Each structure stands twice: as structure tokens, then as C-alpha cells.
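Asker: Curious how this folds, go ahead:
(chains A, B, C and D)
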There are 2 protein chains.
Amino acid sequence: MEYIAAMTSSAGAAGVLIGLVDDEESLRETVGFALRREGYRVEPFPDGLAAWRSFEQGLPDLVVLDILMPQMDGLELCRRLRALSERLPILFLTSKDDEFDRVLGLELGADDYLCKPFSMRELLARVKVLLRRAAVRDEPAGGPTGGTEERIVEVGRLRLDLRRYQAHWSNAALPLTVTEFTLLHALARHPGHVKSRAQLLQEGYPHDAYASDRTIDSHIKRLRRKLTEADPAFDAVETVYGLGYRWRPD
Amino acid sequence: MEYIAAMTSSAGAAGVLIGLVDDEESLRETVGFALRREGYRVEPFPDGLAAWRSFEQGLPDLVVLDILMPQMDGLELCRRLRALSERLPILFLTSKDDEFDRVLGLELGADDYLCKPFSMRELLARVKVLLRRAAVRDEPAGGPTGGTEERIVEVGRLRLDLRRYQAHWSNAALPLTVTEFTLLHALARHPGHVKSRAQLLQEGYPHDAYASDRTIDSHIKRLRRKLTEADPAFDAVETVYGLGYRWRPD
DNA sequence: CCGGATCGTGGCGGAATTGTGGCAACGGCT
DNA sequence: AGCCGTTGCCACAATTCCGCCACGATCCGG
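Answerer: As a prediction, the model looks like this:
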């Protein structure tokens, strides 16, 4: 029963953005602190309207939402968010054991709720569960037989299976790193188009800004090496002096 | 509530209907919520009579039953249910360590009992066990006419009998635990597809938010060991650095 | 042809991720 | 109660990967 488990900061928490909407500043701070300590990025908002203005521009990975708020309450915000995305995990904070709010929230499409006062441990747990659930939903591994929307990119002798993270060159498997795979995909997706280092960085690290341009060079180096190993005559990755790199079309 | 249940389809729990009979509303809510989070469908009743009226029309897959109830107590309901079906798994909730009730319940044909207060973890475990037992019992009778989903998965040299929780590698039986079996199934079901630790956790522990990513590593370790014992050249469980694991297709 | 800018590459330090032995807790069984 | 199989997780070891630097090669405008 007493199942004390250390909240190991989930490895997948890196880069996960959580919207936190509550009019109580102390709550925002407490919850925000706890979430950040788990490795999440947190964007706090004091009311529904402020949150909505931001969410319109771009959705976070999960939203923690108080129901009672000035300007725009949680229910309305939830309704609007659901119109934008069916998948976005929404976790309600209800101020009391208010059956009405609870039910209404769930009917509006909240994924879970938590009654104040709640333990931080429980909130973290539920956040974790919701994110996990969302992760599964986002990568629904359709069976090879089922309605398989094969996300496969084929460019000349190169074949990229985006779902499986597998690359092939002339039917030989390429043992690529995820980073290398992403880079290769960014390049090969538009044969002939020049990709600047900034663009390529953007592809590989959308969040973590400010990596050196030379880092791309390193990856290009490793990519070329692996591709040359697979085919000594490989020359599809072309350097465009002063601009960037280009995938040479056949 | 229904929304959540829909979202949390556990691997084997999909579509399983559980009747929940207890006069305490809070208990119905708590247990119901937990069961739904497991992916079960739950039909709650406040007393034995109401439950009986429904069960006469059609039986659920399992019944969780309090003994002390108004209208019709659990023992009487159990007796009537046993008259309808010899197989229906029945799980009693006894309010105290009442030896009398316990024995009487088992004599009447209950499959298991649980003393209040009980941990949700334990209840879920017992439900899982009872359903599995029922599935095994039903298996010999269930002919191909059932037209239900395939209960046997074959991937290369691996064969998984989902009904009996038995695994075979090149026709040799693999002595796997339930956890290992579930993990193996999740992996092998989609050969070549990368399964994140989050996804694998979701398969094996849809409810447990505290489960650590490293737990998956442990099970992978044990799985690999057993599979290597069966076949020294075994290498189908592939690590994808930074992402998760993958069942290597032949 | 020269000098500055840009690029290629080897390699290194360490961060991140994964493998593994082991242990303590727990449920199930007798 | 006591034993046994299972399990979750920790601590530490092993591995993989990344980012960047340093230095040499290459390019290009003048």
C-alpha cells in the first residue's frame, strides 16, 4: 500500500511544454516549480484570456487548468482548446468536490481532473500519465496489415521510413543516429534545395536554440562517412559555399 | 467519465464489461474510476436487486460484489448469478475479516474476495487474474466460429498465445512472466516499429504513474536473458538509442 | 596570386542513455 | 507464519552520442 516511489524525472520530459492557467499566483509558483523540477518547461497564465491569446499562436504539450478564473473560466478555455485540438491533454483543477464542475469538465473533453487541495505528487503523476497517453496517441503504430499510412520518403536510392526511424541506401540499411536521421530527412526531403545551417539546426533542435553552426558540419561529416561506407561513390550531400548544404538530385 | 475510458484502452481490457455492486457511492466512484482507467467498461449498481434486474438481461464479464447491501445482499445475488453461469468470475468485497461471510461466499461460488480496506492496486491485480482465468477457461469452448479477434500472434519464430499467456520461440516454450509476456507482445506486435518506454509503460501499466522508465529496461534485460537462453543467437530486441526498443523484423 | 572567409575532419570531454547485478517489498501459496 | 517467484527500482558500469574546438584544406573576391 505504502508505495513510495521516487519521482524519477522522466527522460522524456525534456522540452515538454506545459501551460499552467490559474489566477492564484502562489499556486502558479508552487505547481510551476514542481513541474520545472521534473524537467518540464512551464508557461504560466493568470487567467483564461491571457492563456487563450498565447495558445492561439501555438499549443503547449499539456494544459493544467483551473476552473474558476476571471476573464475566461477554465470551462470556456477548455471548450476553445478542444476546438483546436482533440488530442491536447487537459487537466482540470477543481476548487472543491464540485460534482457539477467535474462532470461538466469531463464532458467538455478534459482528460482528467484533480480536486483542491491536491498533493503535488498526485498532480505530477497525472501529468505524467496524460503525457504518456498522448505520446501513445501521437505515434499510433498501425500494424503492417492495417490501414498503414506508411510515412516513407523515397529519393533516388535513398529511402527513409519515418515511422520506423530506418534509412536505406540502395536497399542496404543505414545505421543512423536519430539526429543524423532527422538531418538527412531535412536535406533529402527537398532535393536540389539549399538548406542553410540555421534551417537544419531548426529541424534538429526546434527548442534548444543556439547551437553552433559548426555542429551541423559535424553531423554532415558523420552522415557522409556512413553514406560513403554504404556506397564509396556517394556524393549526394553537396556543399554550397557560403549558404549551406543541398541534397543533389539524381 | 466515458471519455476517459475511451482514451485509456488497455491492451487486453478493451471491451471488457465489469459489473460493480456496492451501496457506497464513494466506493463505486473510486473503484469505477480505477477500473475505467484500466480500460474496462464499468456498470455500477447501488444494490443487489438493481444489479440483478440488469444481469438477468445480460451478464457482464466479471462482477465485483459487496456482501452487505440493502435490498438484496451479495450472497443472494451470487447464488442467483451462479445459477445463470458457472463461469462468470465473481469478486467479493467483504466489509470485515468476517470468516463466516468469506467462507460462505466462496462456498456459494465466488472466485475471490477482498477485505476492506483494500488497495486499488490489489483489486486491479485480482480483477486481472480472474479475467485471465476466465479467458483460459473459455478458450477450449470458443471455437473459430466466435469470429472475434485473433488470439494468437505469430512473428517469425515467435508465437504468442494471448489467451493462455504462453510464448514459444521456434516451437520451444518460453517460461515468461505475465509482465514479460505483455512487454514482448507490445514489442513484437509491430515488428520494426520503435516503441518508446512511455508506450511500453502504457501497455503494461496504464494506471501506474509512478512507474519508472528504468523498469522497462529491467524487463528488457530479463526478456533478453530468457530469449538468449532459448536461442544463443537471439538478437530481435534492438535498442534504439534515445527512443526506445524495437522488435527486429526477420 | 593573396588573404580572409568558409568548410572538412580528427578527436576529445563529458553529457546522456542504456546494461546489469542485486536487493527489498510484495503477493500467492502452503 | 514462512517460503518462493515476481517485480520495481537503485547504484554503478558500460556504452553511445553530441557539441565543439583546433588545425589544415578549400574557396573566392580583388
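Asker: Give me the contact status of the host helix or strand of A:Phe33 with DNA strand C.
Answerer: Counting by DSSP states H and E, the element that carries A:Phe33 is helix A:25-37. No. Against DNA strand C, helix A:25-37 shows no contacts by Cβ under 7 Å from any atom of the strand, the least distance being 14.8 Å. Heads up, the C-betas are built off the backbone N, CA and C, glycines and all.
Asker: For that helix, the averaged confidence score.
Answerer: Averaging pLDDT along helix A:25-37 gives 91.
Asker: That helix near chain B anywhere?
Answerer: No. Judged by Cβ under 8 Å from any Cβ of the partner chain, helix A:25-37 stays clear of chain B, getting no closer than 14.1 Å.
Asker: Just list what that helix packs against, helices and strands only.
Answerer: With contacts defined as 3 or more Cβ pairs under 8 Å, 6 or more residues apart in numbering or on different chains; DSSP states H and E, the secondary structure elements packing on helix A:25-37 are strand A:17-21, strand A:41-45, helix A:120-138.
Asker: which stretch among the ones you listed comes nearest B:Phe234?
Answerer: In this view, the helices and strands packed on helix A:25-37 are compared for proximity to B:Phe234 by Cβ to Cβ, and helix A:120-138 is the closest at 27.1 Å.
Asker: And the next helix-or-strand element following the closest one, how far out from the chain middle?
Answerer: Toward the C-terminus, helix A:120-138 is succeeded by strand A:152-155 as the next helix or strand (DSSP H and E). Averaged C-alpha coordinates place strand A:152-155 at 23 Å from its chain's average position (Cα atoms, centre = their mean, to the nearest Å).
Asker: from the helices and strands packed on helix A:25-37, which stretch is densest packed?
Answerer: With neighbours defined by mean count of other Cβ atoms under 10 Å in any protein chain shown, none of the helices and strands packed on helix A:25-37 is more surrounded on average than strand A:17-21, at a mean of 23.
Asker: gap between the residue in chain A that chain B sits nearest to and DNA strand D?
Answerer: Using Cβ to the nearest Cβ, A:Ala125 is the residue of chain A that sits closest to chain B, at 3.4 Å. In this structure, A:Ala125 lies at 11 Å from DNA strand D, with Cβ to the nearest atom of the strand, to the nearest Å as the measure.
Asker: Ok, A:Lys128 next?
Answerer: Distance from A:Lys128 to DNA strand D, by Cβ to the nearest atom of the strand: 11 Å.
Asker: for A:Arg159, helix, strand, or coil?
Answerer: What DSSP: H, G, I helix; E, B strand; the rest coil gives for A:Arg159 is strand.
Asker: Please work out how many residues are found near it.
Answerer: Here the number of neighbours of A:Arg159 (other Cβ atoms under 10 Å in any protein chain shown) works out to 18.
Asker: Counting neighbours, what do you get for A:Val155?
Answerer: Residue crowding around A:Val155 was assessed by other Cβ under 10 Å; the count is 18.
Asker: which bits of chain A sit near DNA strand D?
Answerer: Residues of chain A lying near DNA strand D by Cβ under 7 Å from any atom of the strand: A:5-6, A:8, A:177-180, A:204-205, A:210-212, A:214-215, A:217-219, A:222, A:241-242.
Asker: hmm, 10 Å instead?
Answerer: Residues of chain A that fall close to DNA strand D, judged by Cβ under 10 Å from any atom of the strand: A:3-8, A:175-183, A:201, A:204-205, A:208, A:210-219, A:221-223, A:239-243.
Asker: Now the buried members of the residues you listed.
Answerer: For the residues of chain A next to DNA strand D, burial is judged from neighbour counts taken by 16 or more other Cβ atoms under 10 Å in any protein chain shown, and it is met by A:7, A:176-177, A:179-183, A:201, A:204, A:216, A:219, A:223.
Asker: okay if I get those residues as CSV plus secondary structure, distance to DNA strand C and pLDDT?
Answerer: Supplementary listing: these in CSV, determined by DSSP: H, G, I helix; E, B strand; the rest coil; distance: Cβ to the nearest atom of the strand, whole Å; pLDDT from 0 to 100:
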residue, secondary structure, distance to DNA strand C, pLDDT
A:Met7, coil, 16, 34
A:Leu176, coil, 15, 95
A:Thr177, coil, 11, 95
A:Thr179, helix, 11, 93
A:Glu180, helix, 13, 95
A:Phe181, helix, 14, 96
A:Thr182, helix, 14, 94
A:Leu183, helix, 13, 94
A:Leu201, helix, 13, 87
A:Gly204, helix, 14, 74
A:Ile216, helix, 8, 94
A:His219, helix, 9, 95
A:Leu223, helix, 9, 96
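Asker: Point out where chain A drops to low pLDDT.
Answerer: Within chain A, the stretches with pLDDT under 70 are A:1-14, A:96-109, A:113, A:115, A:136-150, A:206-209.
Asker: Now for the residue nearest to A:Thr179 when sequence neighbours are not counted: which residues touch it?
Answerer: The shortest distance from A:Thr179 to any residue other than its chain neighbours is 5.8 Å, reached at A:Gly204 (Cβ to Cβ, 6 or more residues apart in numbering or on different chains). Each residue near A:Gly204 by Cβ atoms under 8 Å, 6 or more residues apart in numbering or on different chains is listed here: A:Thr179, A:Thr182, A:Leu183, A:Ala186, A:His219.
Asker: at 10 Å instead, please
Answerer: Taking Cβ atoms under 10 Å, 6 or more residues apart in numbering or on different chains as the contact definition, A:Gly204 lies against A:Val178, A:Thr179, A:Glu180, A:Phe181, A:Thr182, A:Leu183, A:His185, A:Ala186, A:Ala211, A:Thr215, A:Ile216, A:His219.
Asker: quick one: which of the residues you listed is nearest B:Gln57?
Answerer: When these are compared for distance to B:Gln57 (Cβ to Cβ), A:Val178 wins out at 53.5 Å.
Asker: excluding its backbone neighbours, what's nearest the closest one?
Answerer: Nearest in space to A:Val178, with sequence neighbours left out and distances taken as Cβ to Cβ, 6+ apart, is B:Gly242 at 5.1 Å.
Asker: and that neighbour, what is it in contact with?
Answerer: Going by Cβ under 10 Å, 6+ apart, B:Gly242 touches A:Ala11, A:Tyr165, A:Thr177, A:Val178, A:Thr179, B:Ser196.
Asker: With respect to DNA strand D, which of those residues is nearest?
Answerer: Using Cβ to the nearest atom of the strand, A:Thr179 is the member of those that sits closest to DNA strand D, with 2.9 Å.
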